[in-house]
Each structure stands twice: as C-alpha cells, then as structure tokens.
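**Student:** give me coordinates for this.
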Amino acid sequence: MEARKKVVILGAGPGGYVAAIRAAQLGAETTIVEKNALGGVCLNVGCIPTKVLLHTAEVFTAAKEGAMIGLKADNVAVDWDGLMARKKAVVDTLVGGVGTLLRSNAVRIVEGEASFVTPKEIAVTKKDGSKESVSADAVIVATGSEPVVPPVHGFDLDGVITSTGALSLERLPKSVVLVGGGVIGMEFASIFASFGAKVTVIEMLPEILPMLDGEIVQILKGVLLRKGVAFHTNSKVVGVEKKGKELAVRVETPAGPLVLDAEKVLVSVGRRPVTKGLGLDRLGIAFDGARVKANCRMETSLKGIYAIGDCASHIMLAHVASREGEVAAENIMGHAVDMDYKTVPSAVYTAPEIASVGLSESEAKSRGHRVKIGRFPLMANGKSIIMNESDGMVKYVVDQKYDEILGVHIIGPRATDLIAQGGLALRLEATVDEIVTTIHAHPTVGEALLEAAMAAQGRAISLPKKA
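**Tutor:** Reported below is the predicted structural model:
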C-alpha cells in the first residue's frame, strides 16, 4: 500500500484551514501549524469581528430612524460592553467551528511557531518552550499579514491604534481620526459615525477607495458626509502629540497645515505579509517585493513549497486565500489546477455596502474595450424604498462589440450578497441579454441587477423615458 502524502500547512487562517481540509479530502496526511488562534486574522481580529460591529451599527441606525418606517424606538443606546461580549461570542463560535472541521477531517493541529529546517522538515517551537519536528512531502505557507504602521512621529502614543485595537476598545470614542481611506478605514468610519462619533478621514491619494469604480465611491462618500464624516484627501498626517486626554493630529492638506483633536487615531494604511522567522531566506525562495513569489498553481520557486493568501497574493482577501488554498492542495495531490482571479469579488461592508467584480469603467477603457454602461438607481427599486435604503446603484460595464459583461458594481443594501450574480456572469462570459432574459423575483433588491442590464440596452422598464 502506497504511503499517504504528508502535507503541512503553516497558518490556520481562511487560506490555511481550507487548504488543510481540501488536502485531507484528497487523501493526504495533513498537519496544520498555528502560533495563535485558529481562523487567523480574518476570524479573530478582521473580517468577522468587524462585521459584528457593522451589523449592530446597521440595526442601531434603523432603530434611530424608526419613526420613518412606523416604529417607536425611544432611548435606543449602544451597549458597548454588550457589543464586545457578542463579538467575542461570535468569534468563539466560529473559531470552535474551524477546530471541529479540522478534527472531523483528521487534520492534526500543532500549536506553535514554525520555521523551515529543510524544505521537508519544519521545526515547531511551542508556547511552553518545547520543540517538535514535523516532516512533510509538501508545505503550504499561509502565514497571512499584519497592519502597517508608518514611521510617523507620535504613532507610538497611547490612543493611536490599528484595526486590531479598534476591535477591543474599552469604550466607544467620541472622536476618531482615521488615517487611510481604504476598505478598513471606510468600514470603521461607517461604524463610528453610525454610533455618533465625530469622524475625520485623512487620505494621501486624491480619493478614498481608489481601487473601486469612482462613480460608486462618490455615492458612499455622499452618505458618509451626511453622517458628519469629514474628508481630507491629498493630505497626510505628519505627527501626533498628546493634548490633555486627547491627541492632536498634525495634517498637511492642499489648503495648508491643519491640527485635529481626537480621542483615538486609527491607522489603517494597509497590511504587509508576515514571513519573517520562517527561514524562507535560508531556502532561497524567491520573493516579489515583500510577498513570497508563487505561480498560478501557487507553487514557489522551490519545488514542493507552496504559498497562499496575504503572504503571497496581491489580492489580500479572505475568499482569495481560501480559493488559493484549494488550488495549492489540489496541485500537491496530483491535479493540475490554475488560480483564476477573474471572478474575485471586492466587498466593502459600509452603510451602504459596496461590492464589485470584474473591470471598472476606466479599467475597461484602458484595456481597449469600447464600452457601454447600464445604470439603475435604487431610488427606483421598490424593495430598497421599503427598506429605507435607496442610496445606491447597480452599474454594468459592458463590451459594445459582443455585449459581454466586463464588470458589475453595486452600492446599496446587501450588495455584498448580490455580487455573486455578477461573479457568475463573468465566469460564464454572460451577455447582458442573458441577464435580461433571466426572471428576477419581485420585490427584491436583486431586481436592480435586471433593470441595470436592461438599461445597458436602453430599455429599463422602471426608469422614466428620456426626452
């Protein structure tokens, strides 16, 4: 009987634990090494706890606006301690679930910090100081990322936090300066503003969320401005100092220097791969900047060693890491699978939510496509009006020649759920007509996907005819 292939995964985040389960499904003797908690950053101090806060913020906003939908909800207040307890309960439930999944697939879990001795031998230092050697036929590096804190004067002061610290504050701050207008920054801007904090966003680039379709971003920005969020783009923080119980944030703006006072300063300028201490340099593995270099099969420059997720991928998203983990495991176990990024959705869990897949309008044009655009505003969508969430739009980017859908962009309620239809459209190389001839249930927000597709053909039913 042929010996089972030994696969070792370093890191039990959404890339690592999915890779471990897939390898086990395919018959591997699988071991996963994790130095912290199962589930990695996403489950413990990222995706999941952030969305717990965002959900409460959404319900709190709805309660405050109850009179608009015929509800009386007096004296609604945020129970911060209760919210932190719920966040912990949700995280604990899901972390426990990951452990159950791994054990049910006979994946061995080793708690400790790993480093390569040879390409086929991993040394694990456990929390009690003891050591264990783990042998492998193939290794998947899935060690994730950590927040970047730039070398700005005062960023080491108490009260200057990263997203990790923002998820475990002792109380809700009355004022926050957010350094960075990317996805993490905008989600926390939405949370704190919804809870009534004074929020100011500092972004070095000309606009927030620069990776998304600009037309969609402007709708979100308008909503946040109405909530009292202030924006300073083309600006940078040059220093932070203590000012009594608050922090004084010095900012360079196009209009001149500015000093902002805040209880907390949240630095959310990006994340960097975690690869130090693994011994990858001793093995001579190639890097692409700070990331481990991996090919379309997720294999590194050293045969038998694979890398997935934030430590290797240019798209630092949990669902990308999970798919890369499946691809790596399948290739290790004798399949021939390439990673395809065409249908990767982006999701921003602000209020309103933003989701997109495929090319933006400007990207499509820059690639030489002659495009037509289909837009449908949610103010004309019945379900969105019922939900009192009509700030939004569905937008298609369509190739004029073949009528093929190149990109789908949504801002509005449940956008992050609805984008799955857009991803499937791209996977199947669907045309606008194939969306138009697919019957959508009424009344739903999803109808806006149908109407926007019809708008691309100049025949939206629920929009007034242009003069």
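
**Student:** hey, let's count contacts and neighbours off CA atoms from now on
**Tutor:** Noted.

**Student:** and residue 409, backbone torsions?
**Tutor:** With angles defined as degrees, to the nearest 10, residue 409 sits at phi -130, psi 130.

**Student:** so what's it closest to, chain neighbours aside?
**Tutor:** residue 356 (4.3 Å; Cα to Cα, 6 or more residues apart in numbering).

**Student:** now swap in residue 350 and tell me
**Tutor:** Leaving out its chain neighbours, the residue that sits closest to residue 350 by Cα to Cα, 6+ apart is residue 187, at 5.0 Å.

**Student:** where do the helices sit along the stretch 51-200 of the chain?
**Tutor:** 80-104, 163-166, 183-194 (DSSP state H, counting those that start in this stretch).

**Student:** domain parsing for this protein?
**Tutor:** Split into domains by automatic domain parsing, the chain comes to 6-147+272-332, 160-269, 352-456.

**Student:** start and end of the first one, how far apart?
**Tutor:** The separation between the terminal residues of domain 6-147+272-332, taken as Cα to Cα, to the nearest Å, is 10 Å.

**Student:** one more: the last one?
**Tutor:** End-to-end distance for domain 352-456: 23 Å, by Cα to Cα.

**Student:** in TSV: the helices of the stretch 51-200 of the chain, plus mean neighbour count, mean pLDDT and distance to residue 134.
**Tutor:** Formatted as TSV, those follow (neighbours: other Cα atoms under 10 Å; pLDDT from 0 to 100; distance: least, Cα to Cα, whole Å):
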stretch	mean neighbour count	mean pLDDT	distance to residue 134
helix 80-104	15	97	18
helix 163-166	17	96	31
helix 183-194	24	98	36
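
**Student:** got JSON lines for those helices, with distance to residue 143 too?
**Tutor:** JSON lines is the format used below for the helices of the stretch 51-200 of the chain (distance: least, Cα to Cα, whole Å):
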{"stretch": "helix 80-104", "distance to residue 143": "17"}
{"stretch": "helix 163-166", "distance to residue 143": "17"}
{"stretch": "helix 183-194", "distance to residue 143": "20"}
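
**Student:** just the buried residues of the helix or strand bottoming out on mean pLDDT in the chain, please?
**Tutor:** Ranking every helix and strand in the chain by mean pLDDT, DSSP states H and E puts helix 280-283 at the bottom, with a mean of 93. Of the residues in helix 280-283, residue 280 count as buried by neighbour count, 16 or more other Cα atoms under 10 Å.

**Student:** stretch 28-42 too?
**Tutor:** Per 16+ other Cα under 10 Å, stretch 28-42 contains these buried residues: 28-36, 38-42.

**Student:** and if you look at stretch 361-371?
**Tutor:** 361, 364, 369, 371.

**Student:** quick check on the spatially closest residue to the first one that is not a sequence neighbour: phi, psi?
**Tutor:** Spelled out, it's residue 361. Counting by Cα to Cα, 6+ apart, residue 397 is the residue found nearest to residue 361 once chain neighbours are left out, at 5.9 Å. Here is the backbone geometry of residue 397 (degrees, to the nearest 10): phi -110, psi 120.

**Student:** end to end, how far does stretch 276-289 reach?
**Tutor:** End-to-end distance (Cα to Cα), stretch 276-289: 13 Å.

**Student:** right, I mislabeled it, should have said stretch 63-76
**Tutor:** Span of stretch 63-76 from end to end, Cα to Cα: 7 Å.

**Student:** residues in contact with it?
**Tutor:** The list of residues contacting stretch 63-76 from outside it, by Cα atoms under 8 Å, 6 or more residues apart in numbering, reads 60, 388.

**Student:** tell me which residues are up against stretch 311-325.
**Tutor:** 14-16, 18-20, 22, 42, 141-145, 272-275, 291-294, 298, 308-310, 339, 344.

**Student:** go again with 7 Å.
**Tutor:** The contact list for stretch 311-325 (Cα atoms under 7 Å, 6 or more residues apart in numbering) reads 14-16, 18-19, 42, 142-145, 273-275, 291-294, 298, 308-310, 339, 344.

**Student:** my guess is residue 8 meets residue 28, correct?
**Tutor:** No - applying Cα atoms under 7 Å, one finds residue 8 not in contact with residue 28, separated by 9.6 Å.

**Student:** mind listing the strands for the stretch 1-150 of the chain?
**Tutor:** 6-10, 29-34, 108-111, 113-118, 121-125, 131-135, 138-141, 145-147 (DSSP state E, counting those that start in this stretch).

**Student:** export the ones you listed to a markdown table and append columns for distance to residue 235 and mean pLDDT.
**Tutor:** Listed next are the strands of the stretch 1-150 of the chain as a markdown table, based on distance: least, Cα to Cα, whole Å; pLDDT from 0 to 100:
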| stretch | distance to residue 235 | mean pLDDT |
| --- | --- | --- |
| strand 6-10 | 39 | 98 |
| strand 29-34 | 39 | 98 |
| strand 108-111 | 43 | 97 |
| strand 113-118 | 40 | 97 |
| strand 121-125 | 44 | 97 |
| strand 131-135 | 49 | 96 |
| strand 138-141 | 37 | 98 |
| strand 145-147 | 20 | 96 |
